[in-house]
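Here is my input, please return the structure:
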Amino acid sequence: MEDWEKAGLIAAEVLEFGKKLINVDVPLLEVAEKIDEKIISLGGKPAFPVNISINHIAAHYSPYPDDTTTFKEGDLVKLDVGVHINGAIGDTACTVDLGDNKELIEASKKALEEALKMFVPGTKIGEIGKVVQNIIKEYNLTPIINLTGHQVEKYNLHAGTVIPNYDNGDPNKLKEGQIFAVEPFATNGEGKVIEGKPSSIYKLMEIKQVRDPKIRKMIQFIAEEYHELPFAKRWIVKKFPNANFALTLLEKEGISVEVVYLRTLLPMDKETIKKSVMKTNRVVIVEEDTKTGGTGAEIGMTIVEECFDYLDAPIKRIAGADVPMPKAPNLEKLAIPSVESIVEGIREVLR
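Modelled structure (predicted):
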């Protein structure tokens, strides 16, 4: 348990440090970077990008590389800090009030205190949610039902079992040796959050083969440095300045892209392709091969045969020029798809 205790102690110290940084007109990015530095200086690593969520944003906002947002008078700021030591995670949070939100803070704090008293083996999970719900309602507020506490394991921030903020009737019981982050959320709103866009927090879900050596190097770094833990775009951009440039351009336009990297053509992962088409209803095929007789033609035909009815627009193919690949780097650059051509192709299928 030594690593878990050390991670918890560092997280607690960093949380107190971070609270003092939050003041009117201070940039969120400045606070986030100082917190990152503090974690590392104390011998830990961030378990996830620090969350600095303001007002109606309940959770999971972390500043972008060029974020210019500042704290304002009246803001209600949720600060969530994570630290890990060899994968053992300390996760802790608090609320900083730059306005007059006393009851919201008191309700969440009291709910947390009472919930923690119930964390002994044998307690029914639904009973914990019931206590949280009742206390928050005593303040004429509403618990957020789709944000929860969560079990943590090594390199796994959300390990399965959740701790609800309302009585969900879960009869499962707490077990010896489990570790949880307990997170009561109170609101004067409806009690349910919706997902917002864009996001600057990412997680490596699966490693697949890619041709571009720069991308391979970036993925290798992410896998070795963060394992299965979330990471921030700003961390990656510092080490790989051109990382995800095309996606960044599209995010600014409110366009979300799902990327499917195929490991092989034979066998072809048709099921993954079909799920993606069913989800997005549009397809852009990008390849460095020539367009005439290229592998993209085979992929495109497979999509037509397997899931044509799900397409809302013609398939767009972006490929290399129909010429022998030049040896000169400047000419090679002209012969393969550019970021600009990919972005424009995606825009085209959305028109």
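
Quick one: end-to-end length of stretch 148-157, please.
13 Å (CA to CA, to the nearest Å).

What residues of it count as buried?
When burial is assessed from 16 or more other CB atoms under 10 Å, stretch 148-157 yields the following buried residues: 148-152, 155, 157. For every residue, glycine as well, the C-beta is placed using N, CA and C.

Those residues: which two are farthest apart?
Largest separation among the buried residues of stretch 148-157 by CB to CB: Thr148 and Tyr155, giving 20.0 Å.

helices or strands up against the host helix or strand of Leu29?
Assigned by DSSP states H and E, Leu29 belongs to helix 28-41. The contact analysis (3 or more CB pairs under 8 Å, 6 or more residues apart in numbering; DSSP states H and E) places helix 28-41 against helix 2-21, strand 45-46, strand 51-54, strand 76-85, helix 233-239.

for it, what is the average pLDDT?
If you average the pLDDT over helix 28-41, you get 96.

quick one: it to chain centroid distance?
Relative to its chain's centre, helix 28-41 lies at 18 Å (CA atoms, centre = their mean, to the nearest Å).

try stretch 282-291
The answer for stretch 282-291 is 27 Å, by CA atoms, centre = their mean.

now do stretch 227-236
The answer for stretch 227-236 is 8 Å, by CA atoms, centre = their mean.

How about stretch 290-303?
The answer for stretch 290-303 is 33 Å, by CA atoms, centre = their mean.

And for stretch 103-115?
Going by CA atoms, centre = their mean, where stretch 103-115 is centred and where its chain is centred differ by 26 Å.

buried set for that stretch?
Applying 16+ other CB under 10 Å to stretch 103-115 flags 104, 107-108, 110-112, 115 as buried.

got the residue ranges for the helices in this protein?
Assignment of helices within the chain using DSSP state H yields the ranges 2-21, 28-41, 102-116, 125-138, 213-226, 233-239, 245-252, 270-280, 295-307, 329-335, 339-350.

Comparing those helices, which comes out most buried?
Each of those was scored by mean neighbour count; the highest is helix 125-138, a mean of 20, by mean count of other CB atoms under 10 Å.

For it, list the C-alpha coordinates in PDB.
Presented in PDB, the C-alpha positions along helix 125-138 are these (Å, rounded to 0.1, in the frame of the first residue of the first chain):
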ATOM      1  CA  ILE A 125     -23.500   0.500  -2.700                       C
ATOM      2  CA  GLY A 126     -27.000   1.700  -3.200                       C
ATOM      3  CA  GLU A 127     -27.200   2.700   0.500                       C
ATOM      4  CA  ILE A 128     -24.200   5.000   0.000                       C
ATOM      5  CA  GLY A 129     -26.000   6.700  -2.800                       C
ATOM      6  CA  LYS A 130     -29.100   7.100  -0.700                       C
ATOM      7  CA  VAL A 131     -27.200   8.900   2.000                       C
ATOM      8  CA  VAL A 132     -25.600  11.300  -0.500                       C
ATOM      9  CA  GLN A 133     -29.000  12.000  -2.100                       C
ATOM     10  CA  ASN A 134     -30.800  12.600   1.200                       C
ATOM     11  CA  ILE A 135     -28.200  15.100   2.400                       C
ATOM     12  CA  ILE A 136     -28.100  17.100  -0.800                       C
ATOM     13  CA  LYS A 137     -31.900  17.300  -0.900                       C
ATOM     14  CA  GLU A 138     -31.900  18.700   2.700                       C
END
